[in-house]
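Got a predicted structure here, sequence first:
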Amino acid sequence: MKELFIYYIAVINMISFLAMFIDKRKSIKHKWRISEAKLILLSIIGGSIGSILGMYMFRHKTKHIKFTLGVPIIIIVQLILLYLFIK
């Protein structure tokens, strides 16, 4: 069970990171975009680290308060929940 959780977290963070990359490339080319709601959802379901890494690595969504404050808050909440679950 623990290993499955670790694999899930790794995969969802890679997906979140990749989503930030894809959305940034699409925005540069003025093409179809991944909705902000979907990007936030990826963070909420466990991809917050990948999202924040993608945000700053690709300089994407860094001027949006929803992301600059929201994703770190999501990370903090997830860490608290993880602590409470492990405890």
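On my side now, so go ahead.

what about the helices in the protein?
Counting by DSSP state H, the chain forms helices over residues 2-28, 36-42, 48-57, 65-68, 70-86, given from the N-terminal end onward.

ranking the ones you listed by burial, who's on top?
For the helices of the chain, the stretch with the most neighbours on average is helix 48-57, a mean of 21; neighbours defined as mean count of other C-beta atoms under 10 Å. In this view, the C-beta of every residue, glycine as well, is placed from N, C-alpha and C.

Run the angle between it and helix 70-86 for me.
Calculated by axes from the mean of the first three to the mean of the last three C-alpha atoms, to 10 degrees, helix 48-57 forms an angle of 160 degrees with helix 70-86.

Would you reformat the helices of the chain as CSV and include mean pLDDT?
Below are these laid out as CSV (pLDDT from 0 to 100):
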stretch, mean pLDDT
helix 2-28, 96
helix 36-42, 97
helix 48-57, 97
helix 65-68, 94
helix 70-86, 95
